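Q: okay, structure incoming, though there's no sequence with it:
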């Protein structure tokens, strides 16, 4: 995309006349995941982890409640590897959904794994000392059917619907019913998306993505779609790559190639077109201090 095109687009989308009617965010709406304030997010994480630990004890397993910093580290590990910028990461690995898939549970991964980071090293070591059969039972109790939807991953992606086991039970006690649904959308993002400038930017994003063969209504639709495709291909994430047929391996490589292509284009468009507008609108919405 040419810089002149972006500059012209910004000039229109950021025009003060369009923003004149912008209102502030409703009282109580925060800037973190699920519309929480930083303080609320810390409290939600720590309470949820305590509930997970209690539930696991009731199931006969040891689990040490991770502190906020550990879970936050897992959240911020998304699309991050040492020595790589986010742009470099996306160029090599896409969004990191299918490109790192092995079929191993996160506790046994040795490379990129936000899920493993968010569980905390002590819990990883507890898991690794179990027999293979007990490892399966442990993760069924902790995470249910989707062993990659840890608390950190669920919070970062703002999708609690994939969680299971004790993690799901704890979230049910700590989050609102509508927040547990796949259809839930961050109220801050919903406000931003209603802004005329963002509507115009998304329409521009759609047109540019369609030109190269990608038809999505919003950037937020891409990663969930990739996860659904990967899940369908890998029997819900339970199929080891080493156990795949040649056709399954070919299908996985095709999905990985698709992920790299779409993520590079979407990321570039997001950084050049959407992020500046989103930050401008957020600044206007939260001109008051969020506690």
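A: Yes, it's here. Only a predicted model underlies this, so the values are computations on that prediction, with no experimental measurement involved.

Q: list the contacts for residue 224?
A: 157, 159, 182 (C-beta atoms under 8 Å, 6 or more residues apart in numbering). The C-beta positions use only the backbone N, C-alpha and C, and glycine is treated the same way.

Q: element containing it, please.
A: Residue 224 is part of helix 222-233, with elements assigned from DSSP states H and E.

Q: just the buried ones from the contacts of residue 224, in ChimeraX syntax?
A: Selection command for ChimeraX covering only the buried members of these, criterion 16 or more other C-beta atoms under 10 Å:
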select :157,159
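
Q: can I get the contacts of residue 224 in JSON lines including secondary structure and pLDDT?
A: Shown next, in JSON lines, are those (DSSP: H, G, I helix; E, B strand; the rest coil; pLDDT from 0 to 100):
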{"residue": "157", "secondary structure": "helix", "pLDDT": "93"}
{"residue": "159", "secondary structure": "coil", "pLDDT": "94"}
{"residue": "182", "secondary structure": "coil", "pLDDT": "89"}
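
Q: turn the contacts of residue 224 into CSV, including distance to residue 49.
A: Supplementary listing: those in CSV, determined by distance: C-beta to C-beta, whole Å:
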residue, distance to residue 49
157, 18
159, 19
182, 23
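
Q: surely residue 138 and residue 124 touch.
A: No - between residue 138 and residue 124 there is no contact under C-beta atoms under 8 Å: 11.5 Å.

Q: okay, the two: which has more neighbours?
A: Ranked by neighbour count (other C-beta atoms under 10 Å), residue 138 and residue 124 place residue 138 first, with 25 against 17.

Q: nearest residue to that one other than its sequence neighbours?
A: Of all residues not flanking residue 138 in the chain, residue 61 sits nearest, at 5.4 Å (C-beta to C-beta, 6 or more residues apart in numbering).

Q: helices and strands around the strand or helix carrying residue 152, which ones?
A: Using DSSP H and E, residue 152 sits within helix 151-157. On a contact count with 3 or more C-beta pairs under 8 Å, 6 or more residues apart in numbering; DSSP states H and E, helix 151-157 meets helix 38-58, helix 68-76, helix 114-119, helix 165-174.

Q: for residue 226, what are its contacts?
A: 94-95, 97-98, 255, 259.

Q: most neighbours out of these, which is it?
A: Within the contacts of residue 226, neighbour counts (other C-beta under 10 Å) peak at residue 94, which reaches 27 neighbours.

Q: pretty sure that residue is touching residue 265, no?
A: No - with contact defined as C-beta under 8 Å, residue 94 does not count as touching residue 265 (10.7 Å).

Q: looking at the chain, which helix or strand is least sure?
A: For the chain, using mean pLDDT, DSSP states H and E, the weakest element among its helices and strands is helix 16-19, scoring a mean of 45.
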